[in-house]
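In: Curious how this folds, go ahead:
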Amino acid sequence: MKPVRHLSDEKRFPMLTDAGRGFLRDLREHPNAPKYNYSCGDQLTRAGLENLHRYEQELRTAKRSWRHGETPDWVLNFADRCLLDVPFYRQRGGSAEDFSAIPTCSRKDIVKEQWLFVPDSQPLDELMMYYTSGTTGKTFDVLMHPEVSAKYLVKLREALRRIGVTLEGGVGRVFAINICAQSSTLTYATIASYLNEAGYIKINLNPNEWRNPDDVAQFIDAQNPEIYMGDPISFLALTKYKLQTRPKALMSSAMKLMPALKQELEEHFGCPMIDVYSMTESRFIAASYDTKRYEIIPHDLYVEILDAEGNACPPGVRGEVTLTCGRNPFQPLLRYRTGDFAALDFSGDYPALVEFEGRQTVMFVNTEGKIINNIEVTRALEPFAIAQFSLHQNADHSLLFKMRGNLSDEAKIKSALLNLFGATQQLQIEELREDETSNGKALHYSTDLQDFGIANTEFHIP
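Out: The predicted structure follows:
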C-alpha cells in the first residue's frame, strides 16, 4: 500500500458543514465499524459542485445518439483542441477533418509518458494522483481532477433512475457501501458533496479487518445504505451474512457478471442489479440491465469499434472498444484503445455495446481443429451461477477450467464445455483460489497455443 500525504478534513472536503463533520465522525467511530486503513475526500470546491449540477442537467437533456459512420460535432471540436493543446497528440499529428485517420493510442502510451497528455493550457492547481493496479496487476498512477470521480456518481445516479431507483443522498444517510471480498484492499468512510454530504463506505469482508464476527452484518444494517456496490465475488460472499436491511439496487463492476448469477443475487437481495462498464482512464462508459446490452448513457463519450488495422467495424461486428472523451482535464482521451472488445448496436434509445468482453479475444481449438472464440465459451457458461472463472488451453490442447461459485454445478459445466469443445476433450475443473487472482481479478481466458493457422482453420459456430 502506498503512503499518502495527510490532509485535514477541511482540505479533503472544502465545503464541509458541521452536520457533515459530525456524520463523518459517526461513520468512522461506529462501534461495529471495520478497522479502516485509509482516508480520502472528494476535494470538491463550490465551483466544482456547480459544474457537477450543470453536468447533470446536460446528461439528462443532451442528444444521445450518433449513427454508424458519423462523428458528432463536439468530437471534432474536441479533437481540434487536443491536436493543438496536448503535447502527445500534437507530436503525432493528424486533423479533425479526417478524424478516422488520427492515430489511436492505448494505456502503454499513457504509462510511458503520462505528462505528455496534460494540455498546455490546463492549470495544475487541482491536480490529484489516483492509484490503480489495473486488471494486469501493474501499478498505474493516473493524473486526476476532483470532478472526474464525482461525475461518476452523476452518471450512476442517471443509470439507476432509468430503472426507477432514486439515489437520494443527504447528510446523515449512507448512499452506498462498496463491498469487497479480498485478502486486502483500502477501506474507509467518506462523504460525497454532490449528494449533500451523504456517506460512502468501502469495506472488506475479510474477517481479519473486523473486531468481531458479528460486526459485518450489524454495521451494514446500521448504515442501511441505498445501494450496494461491488463485484460478483463480493456479492456472492455477502449472501452468507444474515442482513435485516435491503438495498434499493446492486451495482456490479470490474468482473464479468453472468446472467444466472445476476438473477440469483436479485432474488436474494430483493432488488434490481445493474452492471457498469468502467475504467480508470475514462470512468463510467456504459450500463447494462440484462448483462447483454451495455447502453452508452453518458453524452460526453464517443465510442468507435475498430479492427486490428484501425478500420471501423460495421454495427454488429466485434472489434476493440475505442474511446474519445475529455472528462479528465489532465488526461483527455482521443481515439483511446481500451483492450476490451464488443460490437455497436444502434437499435435502442442509446448506442449500446453488445457481445461485450472486457478483455482481448482469445482463440481456442476444439477436438476437430476448429477455432472457438472465447465469447462462445461465455455464452455456454451463462446458465450457471459462476462468480469468477478462468479457462486455459495448454499446448497439448487440454483445458483447465477454474471457478469460484456453485461447485455443485460442476458436472453440468463440464457437459456444457464438452458440448462446445467435443466429447473427447481433455478437461480438468478446479476451484479458483484467491491467491491465483491479481488484486481479486482473474484473467478469464488464456492459451499456450501460438499459431492456430487461422487462415486455414474453420471457426466453430454453435
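In: From here on, just use CA atoms for contacts and neighbour counts.
Out: Fine.
In: and the top strand by length along the chain, what does it pack onto?
Out: As assigned by DSSP state E, the longest strand anywhere in the chain is strand 333-345. Judged by 3 or more C-alpha pairs under 8 Å, 6 or more residues apart in numbering; DSSP states H and E, the packing partners of strand 333-345 are helix 107-112, strand 302-306, strand 319-325, strand 352-357.
In: so can I have TSV of those showing mean pLDDT?
Out: Rendered in TSV, the data for those read as follows (pLDDT from 0 to 100):
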stretch	mean pLDDT
helix 107-112	91
strand 302-306	97
strand 319-325	97
strand 352-357	93
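In: can I get those in JSON lines with distance to K11 and mean neighbour count?
Out: As requested, those are exported to JSON lines (distance: least, C-alpha to C-alpha, whole Å; neighbours: other C-alpha atoms under 10 Å):
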{"stretch": "helix 107-112", "distance to K11": "29", "mean neighbour count": "13"}
{"stretch": "strand 302-306", "distance to K11": "34", "mean neighbour count": "24"}
{"stretch": "strand 319-325", "distance to K11": "29", "mean neighbour count": "24"}
{"stretch": "strand 352-357", "distance to K11": "39", "mean neighbour count": "23"}
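In: mind checking which of these is nearest I372?
Out: Set against I372 and scored by C-alpha to C-alpha, the helices and strands packed on strand 333-345 come closest in strand 352-357, at 14.5 Å.
In: what are the C-alpha coordinates of the closest one, in PDB please?
Out: Written as PDB, here are the backbone C-alpha positions of strand 352-357 (Å, rounded to 0.1, in the frame of the first residue of the first chain):
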ATOM      1  CA  ALA A 352     -25.100   0.100 -27.000                       C
ATOM      2  CA  LEU A 353     -22.200  -2.300 -26.700                       C
ATOM      3  CA  VAL A 354     -23.200  -5.900 -27.400                       C
ATOM      4  CA  GLU A 355     -21.200  -9.100 -27.500                       C
ATOM      5  CA  PHE A 356     -19.100  -7.400 -24.900                       C
ATOM      6  CA  GLU A 357     -15.900  -9.000 -23.500                       C
END
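In: to the chain's geometric centre, what's the distance from that strand?
Out: Strand 352-357 has its C-alpha centroid displaced from the chain centroid by 14 Å (C-alpha atoms, centre = their mean, to the nearest Å).
In: so it versus strand 333-345, what angle?
Out: Angle, strand 352-357 to strand 333-345, by axes from the mean of the first three to the mean of the last three C-alpha atoms, to 10 degrees: 90 degrees.
In: contacting residues around strand 352-357?
Out: Contacts to strand 352-357, defined as C-alpha atoms under 8 Å, 6 or more residues apart in numbering, come from residues 286, 292-296, 316, 318, 340-346, 375.
In: go with 7 Å
Out: With C-alpha atoms under 7 Å, 6 or more residues apart in numbering as the test, strand 352-357 has contacts from K292, R293, Y294, E295, I296, D340, F341, A342, A343, L344, D345, F346.
In: circling back to that earlier point, could you dump the helices and strands packed on strand 333-345 to JSON lines with distance to N206?
Out: JSON lines is the format used below for the helices and strands packed on strand 333-345 (distance: least, C-alpha to C-alpha, whole Å):
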{"stretch": "helix 107-112", "distance to N206": "32"}
{"stretch": "strand 302-306", "distance to N206": "38"}
{"stretch": "strand 319-325", "distance to N206": "35"}
{"stretch": "strand 352-357", "distance to N206": "29"}
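In: Tell me which of those lies nearest to M229.
Out: Closest approach to M229 among those (C-alpha to C-alpha): strand 352-357, 20.8 Å.
In: Which strands and helices lie in contact with the helix or strand that the closest one is followed by?
Out: Once strand 352-357 ends, the next helix or strand along the chain (criterion: DSSP states H and E) is strand 363-365. Applying 3 or more C-alpha pairs under 7 Å, 6 or more residues apart in numbering; DSSP states H and E, we find strand 363-365 packed against strand 371-373.
In: Now do the strand it packs on: distance to the chain's middle.
Out: In terms of C-alpha atoms, centre = their mean, the centre of strand 371-373 is set 26 Å apart from its chain centre.
In: and that strand, what other elements does it pack with?
Out: strand 363-365.
In: which residues of this protein fall in helices?
Out: Here the chain has its helices, by DSSP state H, at 9-12, 18-29, 46-61, 73-85, 87-92, 107-112, 146-161, 215-223, 232-238, 259-269, 374-381, 410-421.
In: Please state the offset of the fifth one from the chain centre?
Out: Okay, so that is helix 87-92. Its chain's average C-alpha position is 28 Å from that of helix 87-92, according to C-alpha atoms, centre = their mean.
In: Then the second one?
Out: With C-alpha atoms, centre = their mean as the basis, the distance from the averaged C-alpha position of helix 18-29 to the chain average is 29 Å.
In: Pull the CA coordinates from that helix and hand them back as PDB.
Out: C-alpha atoms of helix 18-29 as PDB (Å, rounded to 0.1, in the frame of the first residue of the first chain):
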ATOM      1  CA  ASP A  18     -20.800  20.900  11.000                       C
ATOM      2  CA  ALA A  19     -23.500  18.300  10.200                       C
ATOM      3  CA  GLY A  20     -21.300  16.700   7.700                       C
ATOM      4  CA  ARG A  21     -18.300  16.700  10.100                       C
ATOM      5  CA  GLY A  22     -20.400  15.000  12.800                       C
ATOM      6  CA  PHE A  23     -21.800  12.400  10.400                       C
ATOM      7  CA  LEU A  24     -18.300  11.600   9.100                       C
ATOM      8  CA  ARG A  25     -17.100  11.100  12.700                       C
ATOM      9  CA  ASP A  26     -20.000   8.800  13.400                       C
ATOM     10  CA  LEU A  27     -19.200   6.600  10.300                       C
ATOM     11  CA  ARG A  28     -15.500   6.400  11.400                       C
ATOM     12  CA  GLU A  29     -16.200   5.700  15.100                       C
END
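In: what is the mean pLDDT for it?
Out: Summarised as a single mean, pLDDT over helix 18-29 is 97.
In: what's the pLDDT at A442?
Out: Turning to A442, the model gives it a pLDDT of 64.
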